[in-house]
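**Student:** following is a predicted model, sequence given first.
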Amino acid sequence: HLATSLPLPSERDHLRPRIDLVVFIIDIKSKYSLKNVETSLAHVDASFFLGKVCFLVTGVGRVNVCSIEMNAVCKLGETYCSPVLFCELELEGIRNATAQRLVRMLGICAGHTPGVSALSFVSLMRKSDDD
């Protein structure tokens, strides 16, 4: 299910399936995209930031047309203890690899991967202070 911003409309709450993973998509070419994500973050329950949120940054293949500083995006990941994935949707191989990565993350967040929790998974993805 896709939404352009949060909060989700409440009139369909009773029909909405359980939310296992929230992926915030940031288009590196649009300052509005980052502002929309920053505004939407306030509507996400704090418990989701324990392994059930990630940021997907698109358009990274065209650094010359970036409207958003990469540091701002990386800071979001650090602030919310959530992984940041970078991809170029126009390249089929990268698009497919990113989709597969998101599906694996979703499987973990939904509890379909024995022995791995969303919280342990996100801790594995965080870089250490030595990096």
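**Tutor:** That came through fine. Numbering: from 1, shown residues only.

**Student:** where does pLDDT dip in this protein?
**Tutor:** Applying pLDDT under 70 to the chain picks out residues 1, 62-65, 122, 124-131.

**Student:** show me the helices in it, by range?
**Tutor:** Taking DSSP state H, the helices of the chain run over residues 31-41, 70-79, 92-109, 118-125.

**Student:** got TSV for these, with mean neighbour count and distance to Leu21 too?
**Tutor:** Where C-beta positions appear, they are placed from N, C-alpha and C, glycine not excepted. Shown next, in TSV, are the helices of the chain (neighbours: other CB atoms under 10 Å; distance: least, CB to CB, whole Å):
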stretch	mean neighbour count	distance to Leu21
helix 31-41	16	15
helix 70-79	14	15
helix 92-109	15	4
helix 118-125	15	8
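
**Student:** out of those, the one nearest Phe24 is which?
**Tutor:** Nearest of the helices of the chain to Phe24, taken as CB to CB: helix 31-41 at 4.6 Å.

**Student:** what's in contact with that closest one?
**Tutor:** 4-6, 24-27, 55, 67-68, 72-73, 76, 80 (CB atoms under 8 Å, 6 or more residues apart in numbering).

**Student:** repeat that for 10 Å
**Tutor:** 3-8, 22, 24-28, 30, 49, 53, 55, 57-59, 66-69, 72-73, 76, 79-80, 82 (CB atoms under 10 Å, 6 or more residues apart in numbering).

**Student:** related to what we said a few turns ago, turn the helices of the chain into a markdown table, columns for distance to His14.
**Tutor:** Shown next, in a markdown table, are the helices of the chain (distance: least, CB to CB, whole Å):
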| stretch | distance to His14 |
| --- | --- |
| helix 31-41 | 22 |
| helix 70-79 | 32 |
| helix 92-109 | 22 |
| helix 118-125 | 25 |
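
**Student:** out of those helices, which is closest to Arg12?
**Tutor:** Judged by CB to CB, the one of the helices of the chain that comes nearest to Arg12 is helix 31-41, at 17.6 Å.

**Student:** the closest one to helix 70-79, inter-axis angle?
**Tutor:** 10 degrees (axes from the mean of the first three to the mean of the last three CA atoms, to 10 degrees).
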